[in-house]
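**Q** Attaching a predicted model along with its sequence, questions to come.
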Amino acid sequence: MSGSAQKHAMPVAQRRIVLAAVALAVVAGCSEREIILPGKREPISAILTSDTTETEAEAVTEAVRDITLPPQVANTEAAQSFGTPAFRTDHPQLGQSLTPIWSVNIGKGDSRKHRIVADPVVSGGRIFTLDAETTVTAVSTSGQVLWQRDTLPARADEGDGTGGGLAVDGDILFVSSGLGTLTALDTATGGTIWTQELEAVGVGRPTAFEELVYVMAGDDTGWAIEKDTGRIAWRVTSSETRTNVLGGPAPIVTDGLAVFSFGSGELQAVFRQGGLRRWDASVLGERQGRALSKVDDVTGRPIAKDGVIYAGNQSGRTVAVNAGSGAPIWTSGEGAIDTVLPVGGSVFLVSDRNELVRLNGEDGSRIWGTRLPNFVRERPQRQSEVFAHHGPVLAGGRLLVASSDDALRSFDPVSGGLTGLTDIPGGASTAPVVAGQTLYVVSRKGQLLAYR
């Protein structure tokens, strides 16, 4: 051995002492007891379903305040989306005990490729529906099918498109389709008056007001169509986006303006005469930890009330903006997946975490939240599909939510407590609509159901 090797070599006895010390340290470390923190065990994903602790729940209870609801009105019409004040009955009359009185088949139900997204509309003693493809059905208030009409364009194959919406103005029914068409039908016979083929697919719900029909197509173009002829009057555009949700909200008409809600999260108000832009606002922001928060589409149907426009997305944001200028009033950290309902100084919505939520109408702060069924399968490794909830709507003194888990739920507007449960065979595919003291909803099986 060289001198250098002798200089750095460790004696055998010293090496044994070092190894023994290391072994003792390892044994001592292994002998330490694991510290188990007290408290309830929750999966990591629990934070995505609710962040309300017991202490916060008590605070919410203390914050519950009374509410003054508008008087009930025995309306006979629910002809268009109620985002526009001219078409809205704030508090329809409805009995307390809901009993099914009839149901009829209206065409194709939900499938892997197709979805029913058009809420039924009621006008002139008829209920109009659109199935998961392109079939329109007119039903009497006694449950008799009056006529059916397929609005499939000549160039398309059956089953190519899905989505769309309905609106009635006088004796004309306007039908939008996922194939990029807007069709005017005679409400009495179903005869075609005209068809306009737009340069886009995925046409949303239409709004007919005075001489024009407003509709959004492709989630980045807003159209104004002449009601009598079907000719294009003007159009507006927004930023292009590819992450959209089926069934675009109906444009709002208020104070000389038409307000479109685009897939990019933009709210754009234009003058109804000519389409000149008046203001822009946005529903932006996301809830951390959720993949769906990357979708900026406006899913909380915008609604105008008392000079304010309310809208939300499924990414954890709901906003209130000035209807005249677009100036922001408040932003809430609760998203909205269907209807945003301002009433009695509060704002009600089904949130992106599947809660029925009540917000303070003045500042958007949360008053209470009531959990709704969320995951279809509760096992963590199976938590991919969630139940769909449609609404809320106010009728008969309570809030109503129709859900895909075969249930129509009634809630107390003051506390959020569950007050009633009614069966929906097949589960709901649309929001409930109330007219003539009767509630109508379309099931996922393609059935129009009536309750009174």
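**A** Looks like it arrived, so ask away.
**Q** element containing E362?
**A** With secondary structure defined by DSSP states H and E, E362 is part of neither a helix nor a strand.
**Q** so where's the stretch 351-452 of the chain shaky on pLDDT?
**A** The model of the stretch 351-452 of the chain has pLDDT under 70 over residues 376-384.
**Q** now with 90?
**A** In the prediction, the stretch 351-452 of the chain carries residues with pLDDT under 90 at positions 352-353, 374-387.
**Q** all strands for it, in order.
**A** Remark: strands assigned in the stretch 351-452 of the chain by DSSP state E, counting those that start in this stretch are 355-360, 366-371, 389-395, 398-403, 407-411, 418-423, 433-435, 438-442, 447-451.
**Q** And the first one, what does it pack against?
**A** The helices and strands touching strand 355-360, judged by 3 or more CB pairs under 8 Å, 6 or more residues apart in numbering; DSSP states H and E, are strand 346-350, strand 366-371. C-beta coordinates here come from the backbone N, C-alpha and C atoms, glycine included.
**Q** swap in the shortest one?
**A** Packing partners of strand 433-435 (3+ CB pairs under 8 Å, 6+ apart): strand 121-123, strand 389-395, strand 438-442.
**Q** And the contacts of the second one?
**A** What it means is strand 389-395. For strand 389-395, the surrounding residues in contact (CB atoms under 8 Å, 6 or more residues apart in numbering) are 69, 90-94, 337-339, 341, 343, 348-350, 354, 356, 372, 399-404, 411, 413, 428-434, 439, 441.
**Q** Show me the strands paired with it, marking each as parallel or antiparallel.
**A** Here strand 389-395 is paired, per DSSP bridges, with strand 398-403 (antiparallel).
**Q** Pick out the residue nearest the middle of the chain.
**A** When the chain is reduced to its mean C-alpha position, the closest residue under CA atoms, centre = their mean turns out to be D338, at 2.1 Å.
**Q** doesn't S351 make contact with it?
**A** No - D338 lies out of contact with S351 (CB atoms under 8 Å); the separation is 10.1 Å.
**Q** Dihedrals phi and psi, the residue nearest to the centre of the chain?
**A** Main-chain dihedrals, D338, degrees, to the nearest 10: phi -140, psi -110.
**Q** Could I get the pLDDT score of it?
**A** At D338, the pLDDT value in this model is 88.
**Q** Now do the contacts for it.
**A** D338 sits in contact with T299, G300, R301, L349, V350, H389, H390, G391, A431, where contact means CB under 8 Å, 6+ apart.
**Q** List the contacts of the residue nearest to R272 when sequence neighbours are not counted.
**A** Closest residue to R272 apart from its sequence neighbours, by CB to CB, 6 or more residues apart in numbering: A258 at 5.1 Å. With contacts defined as CB under 8 Å, 6+ apart, A258 is in contact with T207, F209, Y214, G222, A224, P251, I252, A269, V270, F271, R272, G275.
**Q** how about the CA coordinates for the helix or strand that contains A258, as PDB?
**A** In the assignment (DSSP H and E), A258 maps to strand 257-261. Provided in PDB are the C-alpha atoms of strand 257-261 (Å, rounded to 0.1, in the frame of the first residue of the first chain):
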ATOM      1  CA  LEU A 257     -79.500  48.000 -26.000                       C
ATOM      2  CA  ALA A 258     -79.000  44.300 -26.900                       C
ATOM      3  CA  VAL A 259     -76.500  42.500 -24.600                       C
ATOM      4  CA  PHE A 260     -74.800  39.400 -25.900                       C
ATOM      5  CA  SER A 261     -72.900  36.900 -23.700                       C
END
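**Q** Now do the next helix or strand after it: which elements does it pack against?
**A** Per DSSP H and E, the first helix or strand lying C-terminal to strand 257-261 is strand 266-271. Taking 3+ CB pairs under 8 Å, 6+ apart as contact, the helices and strands that strand 266-271 lies on are strand 257-261, strand 277-282.
**Q** ok, and which of these has the densest surroundings?
**A** Here the criterion is mean neighbour count by mean count of other CB atoms under 10 Å, and of the helices and strands packed on strand 266-271 the winner is strand 257-261, at a mean of 26.
**Q** unless I'm mixing things up, R452 is touching L439, no?
**A** Yes - between R452 and L439 there is a contact at 7.3 Å, judged by CB under 8 Å.
**Q** any shared contact partners between these two?
**A** In terms of CB under 8 Å, 6+ apart, R452 and L439 are both contacted by the residues L98.
**Q** For the two, indicate the residue with more neighbours.
**A** Remark: of R452 and L439, L439 carries more neighbours, 26 against 14, as counted by other CB atoms under 10 Å.
**Q** ok, the more buried one to A200 distance?
**A** Summarising the geometry, the distance separating L439 from A200, computed by CB to CB, to the nearest Å, is 34 Å.
**Q** With G316 instead?
**A** Distance of G316 to A200, computed by CB to CB: 28 Å.
**Q** E240 now?
**A** Between E240 and A200 the computed distance is 11 Å (CB to CB).
**Q** Quick one: distance of stretch 339-355 to the chain centre.
**A** The chain centroid and the centroid of stretch 339-355 are separated by 11 Å, computed with CA atoms, centre = their mean, to the nearest Å.
**Q** Could you do stretch 68-84 as well?
**A** Going by CA atoms, centre = their mean, where stretch 68-84 is centred and where its chain is centred differ by 19 Å.
**Q** thinking V175 is in contact with T129, fair?
**A** No - with contacts counted by CB under 8 Å, V175 stays clear of T129, the gap being 10.4 Å.
**Q** rewinding a little: identify the contacts common to E240 and A200.
**A** By the contact definition CB under 8 Å, 6+ apart, E240 and A200 are jointly contacted by D220.
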